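Asker: mind looking at a prediction? Sequence and model below.
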Amino acid sequence: MQTQTTATAIDTKAKRKYSGMPRSRRIMQNLTFWIPVVIFALLITCAIFAHFIAPYPFDKMDMVNRWAPPGTPGHLLGTDTLGRDILSRVIYGAQTSLAVSLLVVAITAGFGTALGILSGYLGGNVDSVIMRITDIALSFPGMLMAILLAVSLGPGFMTVVFALSILGWAGYTRLVRGEALRIRNSDFVAQARVAGASSWRIMLVHIFPNIVNPLIVIMTMAVGMMILAESGMSYLGIGIPPPRPSWGNMVSDGRAYLSPPQSAWWISVFPGICIGLVVMSGNFLGDWVRDKMDPRLRQL
Amino acid sequence: MSNIVLQVEDLHTSFFTRMGEVKAVDGVSFFVRESETFGIVGESGCGKSVTGLSIMRLLPEPGGRVTGGKVILEGKNILELNKKMMRAYRGKMVSMILQDPMQSLNPVYQIGDQIAESVRLHQDLPENMVEPEVISALRLLRIPAPESRINEYPFQLSGGMRQRVVGAIAMSCRPRLLIADEPTTALDATIQAQYIALFEDIQAKTNVAIIFITHDFAVISRICDRVGVMYAGKIVETAPTREIFKAPRHPYTSALIQSVPRLDRKDERLFSIEGQPPSMMHLPAGCRFSPRCTVSMDICKEQEPPEIKLTEDHSVSCWRVK
Amino acid sequence: MPEVLLEGRDIVKHYPVTRGLLQHNVGWVRAVDGVSFKLEQGQTLSLVGESGAGKTTIAKAILLLETMTSGSIIFQGKDLYKMSPAQIKSEYRPLVQYVQQNPYSSMNPRMRARDIVAEPLVCNTKLSKKELYTKVAELLNKVGIGSESMVRYPHEFSGGQRQRIAVARALALNPNLMVLDEPVSALDVSIRAQIMNLLKDLQAEKNLSYMVIAHNLATVRYMSHTVAIMYLGQLVEFGETEKLFEQPLHPYTRALISASQLTLPEDAGTITQQIILTGEMPSPMNPPPGCRFHTRCSEAREICSKEVPVMRQIGTQQVMCHNFD
C-alpha cells in the first residue's frame, strides 16, 4: 500500500481552504479594496452632507481662538489664522475638491474617449488631425495653461474646472485610440461590417463597450489625481478663491504659519493628509479594478 | 522487449480554484519504453497537457499541484525530488516541447545562446566545448547551416524552423524521455510531415522515449507505437496504435475514430458524438463517458469501471469489456 | 444546370512593403497572384493550402474586407467593383455571410447571444424588437441552441456552441453564399463532426453555397464538391473532390494528401508512398521563377525553373504543371 501512503501524504499538504493563494495574501487583497472604499465613502459623505456634519460653517471666524492647536475644546483639529475651525473646513473642503474632481473627470473622460474612438476607428485624415491636436495638448505645460486661464478669466470654481479640463482630455484620447485600433481589427468587427453595420453603429455598439474596462481603471485613479491637481492650483493661488475652502488653498494658507511663533502645523498638515489619503485610495482602487478585470484571473 | 524508461502510477493532479478543486488528472497510469513513442490523445480539457506538465513538475502556480501517485523515471520517483534535484533532472533526463515555439523561445536572445543555456546547465563542459555541442544539437534537428544559424534571432526563422530550434534545445542534453505537447498542431501539413519524420530519425539515433500529446489521429498513426486515450481526466484505453484504429474496445475510442473524416475514402455521413465533454467541476457519477455513450448500461451510471488488462499492451476501462 | 453564383477572375492582391523614414516601397508581398474560380449555387468549393498560400486573402476579397489589386469578382452576374456602396449594402451584403475560424473572437464579448444573432437583421431590416427576437429564437433552434440560452453572453458557451451561434448569425439574412474560414479547426474533434453535419444539412435544405477555407484535407473531402489547391498565391490544381482525391495530378496535391493521411504500418504498400517535401514554402515577396513549386518538387526538371506552367484541363480537373504539357 505504498501508493496509498504517498497519496495521502501529498494530499494533505495540497489541501487549502479554497484557493491556491495563501491566506495572508487574500487578506492583503481584500484590504486593498476595503480601505480605499471606506476612504471614498467618507469623502462622499462629507461632500454630500457637509452642511450637517461640520460643527461650524466654514467661514465662521473666531478671532479670540486663532491658531488654536488640535484638541482645543470645540476644535478637534484646531483653528486657522482667522479662528475658523479646521475640521469643518476640511469637511467642506472635501465637498469642493470632490466636486471639481468629478466634474473634470467626467468632461475629460467623455470628450477624450469620443475623440479617441473617432480617431482610432476612422483613421486616415481624421486620425492625423486629432492626433496632432492631442500631441499639442499633451506637450503643453499644464500649469502654465492654468495660470494663463486664471489670469484671463479670473479665479473661480469654473475657471479651475476649465483649466484642468482643457488639456486633460488628451491622455484619454491617446489611450482610447490605441484600444479602438486594436478592436477595429478584431474578428467581431469584421463580422459587423459583413452584416452591413454602419460606422456609427460599430463605434457605439462594438468599440465603446469594449474599452470601458481600461477606461474605468484610469478614471478611478484620475479622481485622486484631479484633487491633487486642484490642490496644486489652489496652492499657487490660482485655484478656488476664499472664503470657500479647498484642501489645496488650506495647505497654502498654512504655509506662512508653519514656523514659530505660531508653529501652527495643523493648518496645512490635516488637509495635506486628506489629499494624500484620497490619492492613495484612488490608486489602490484603480489597481484593484484592473486586477479584477484581468481575464486570466477571471477564468481561474 | 526494451527497458521501461517511464512508469506513471495512479497520477492525480488537481487545480485549486476559488470554486473548488478541479481534478484535472484523476488516476492515470501508463508506461513508456526506451525508443518507443507513446501517444496521449484526447480532446481539450481531458487532462493530457496537464499530465505532461505533471511529469515535468511544471504545473502553473498557484493552484496546480500533484496530489498523488508516482512518476518513476529510470527507477527514481521524481515526484519525491526536491526542487534543486528536479532542476538537474529537467533538461537532462526529461525534456519538453510545447505547441507554440514563440512561447518557448525568448525573442531577445540568439538561438545559439538559448541552446547553450541548456548545455551549460546540465553538462560539465569547458567553455570551448559548448559551441560544438550546440551545433551538434542543431545538426540532429537537421537545421541547415548551423554555424551561421546560431547567431540568428527567433523572429528571423519560419515556424517550422523555430519548432526545430525548440527541439534542439530539448534534445541538446540527449534526455531519456521527451514530452511533446502538440508540437505540430501549429505547423502546416507538409512541415508537420517533415517534423514527424525527423523525430522518428532522432528516436532511432538516440533511443529517446517520447510521449506525444495530440488530438490529431493522422499524426498518431504515423509516429506512435502505443496510444493512451484520455477522457475527463482518466485514461479510458491504452493499446498499440494498430489496435486503437482497427479494434478499439472502448466506446469513446471507437466513437472518436468514427467522427474523424477519412481522407482515404468518401464518408457519407460522419458519426457525431452527442453532447460535449463534461465540466471538470461537475463530473457525472459512474463512468464519465456514460452520458454520451450509445451503449451505456445501468451500472455505467453508478460505478466507475475498473481498468481491465486484455494483454500486456492493451487495457480498457469499460463495463462492457470483461 | 446550376447557375454560377460566384466567379473570381484573375484575382491579384499585392501588399506593399515599405521601409525607412520616408516609407518608400521596397517590394511587394504577392499574396494572391492570378486566381480564378467558379462556384455554383448549392455547391461547396474549398480553397486548400498552407499558411502563406493566399486563401484567407481571397476570402477577404470576396467579403469586401480587402480590396484587390486587380481582377474581378462577379456575383450573380454583377461585377462587385462596379457596384455603388449603396448597392453593395442592399444587394450584396445580405446575400453573402461569413463564419470565422475562432469562435471566441468572432463575437463581441459584451453582447448577449440574441443580440449577436440579431445584428444582421438590425442593420438591414426594420423589425420590432419582438419580431427580431422571435426570428433569433428560430435561428438558434435551427442550429441546435435552445432559446433559453438567448440571454447568455459568449463566454458562457462552449466553443462548439459558439460556432453554432455564428452559423445562426450567418443565416439570419437568408444568404446565398457563406464564406467559412476554417469553421471547425478551432473545435474539439468530437464537436467537429456535429458542426460539419449541421452545415451539410443546412446546405441541402436551403440550397446554400459554401466557400470553405481549410487546410485539413479530410474535412475538405467530407464537405466539398470542388476543391482548389493553392500554393504561394496561385491555384495549382482544381477539380471535383472525388476525382481529385482519387487521382491527384499536381505533385503538391500528392504531397499534401500524403502528409494528411493515416499511416498504419500494415497499410504500407497499399497507399501512396509517403512524400516528404524538402525545404519550406518560399516567401511570397520573392516567389521562385518559373513554377513556384519547383524548389520543393521531387519531379522538377529544367523547364520548371524557367517557364511558368499554364493551367491545363485534364478531364474535369485543371492543373498547372509542366508534367502535363
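Answerer: That came in fine, so what should we check first?
Asker: what's the separation between the residue at minimal distance from the centre of chain A and A:Gly116?
Answerer: Nearest to the geometric centre of chain A sits A:Val223, at 1.7 Å (Cα atoms, centre = their mean). A:Val223 sits 20 Å away from A:Gly116, going by Cβ to Cβ, to the nearest Å. Every residue, glycine included, has its C-beta placed from N, CA and C.
Asker: and for B:Ser290?
Answerer: Taking Cβ to Cβ, one finds B:Ser290 at 53 Å from A:Gly116.
Asker: what about the two, which has more around it?
Answerer: A:Gly116 (29 against 21; other Cβ atoms under 10 Å in any protein chain shown).
Asker: quick one: contacts for that one?
Answerer: A:172-177, A:179-180 (Cβ atoms under 8 Å, 6 or more residues apart in numbering or on different chains).
Asker: would JSON lines of these with neighbour count and distance to chain C be doable?
Answerer: Formatted as JSON lines, these follow (neighbours: other Cβ atoms under 10 Å in any protein chain shown; distance: Cβ to the nearest Cβ, whole Å):
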{"residue": "A:Tyr172", "neighbour count": "24", "distance to chain C": "20"}
{"residue": "A:Thr173", "neighbour count": "28", "distance to chain C": "22"}
{"residue": "A:Arg174", "neighbour count": "18", "distance to chain C": "22"}
{"residue": "A:Leu175", "neighbour count": "18", "distance to chain C": "19"}
{"residue": "A:Val176", "neighbour count": "26", "distance to chain C": "16"}
{"residue": "A:Arg177", "neighbour count": "25", "distance to chain C": "19"}
{"residue": "A:Glu179", "neighbour count": "21", "distance to chain C": "13"}
{"residue": "A:Ala180", "neighbour count": "25", "distance to chain C": "14"}
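Asker: would CSV of those with secondary structure and distance to B:Glu182 be doable?
Answerer: Formatted as CSV, the contacts of A:Gly116 follow (DSSP: H, G, I helix; E, B strand; the rest coil; distance: Cβ to Cβ, whole Å):
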residue, secondary structure, distance to B:Glu182
A:Tyr172, helix, 42
A:Thr173, helix, 42
A:Arg174, helix, 39
A:Leu175, helix, 36
A:Val176, helix, 37
A:Arg177, helix, 37
A:Glu179, helix, 32
A:Ala180, helix, 34
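Asker: now name the helix or strand holding B:Met96.
Answerer: Assigned by DSSP states H and E, B:Met96 falls within strand B:94-97.
Asker: for that strand, what is the average pLDDT?
Answerer: Averaged over strand B:94-97, pLDDT sits at 93.
Asker: I'd like the next helix or strand past that strand.
Answerer: Counting by DSSP H and E, the next helix or strand C-terminal to strand B:94-97 is helix B:101-104.
Asker: by contact count, what packs against that next one?
Answerer: helix B:159-171 (3 or more Cβ pairs under 8 Å, 6 or more residues apart in numbering or on different chains; DSSP states H and E).
Asker: which residues touch the following helix or strand past the helix it packs on?
Answerer: Sequence-wise, the next helix or strand downstream of helix B:159-171 (DSSP H and E) is strand B:177-181. The set of residues external to strand B:177-181 that reach it, using Cβ under 8 Å, 6+ apart, is B:5-6, B:32, B:48-49, B:52, B:55-56, B:73, B:93-99, B:170-171, B:199, B:208-213.
Asker: residue numbers of chain B in contact with chain C?
Answerer: B:43-44, B:158-161, B:188-194, B:197, B:215, B:217-218, B:221-222, B:241-242, B:245-246, B:255-256, B:259-264, B:266-267, B:269-273, B:276-277 (Cβ under 8 Å from any Cβ of the partner chain).
Asker: repeat that for 7 Å
Answerer: With Cβ under 7 Å from any Cβ of the partner chain as the criterion, chain B meets chain C at residues B:43-44, B:158, B:160, B:188-194, B:197, B:215, B:217-218, B:221-222, B:242, B:245, B:256, B:259-264, B:266-267, B:269-273, B:276.
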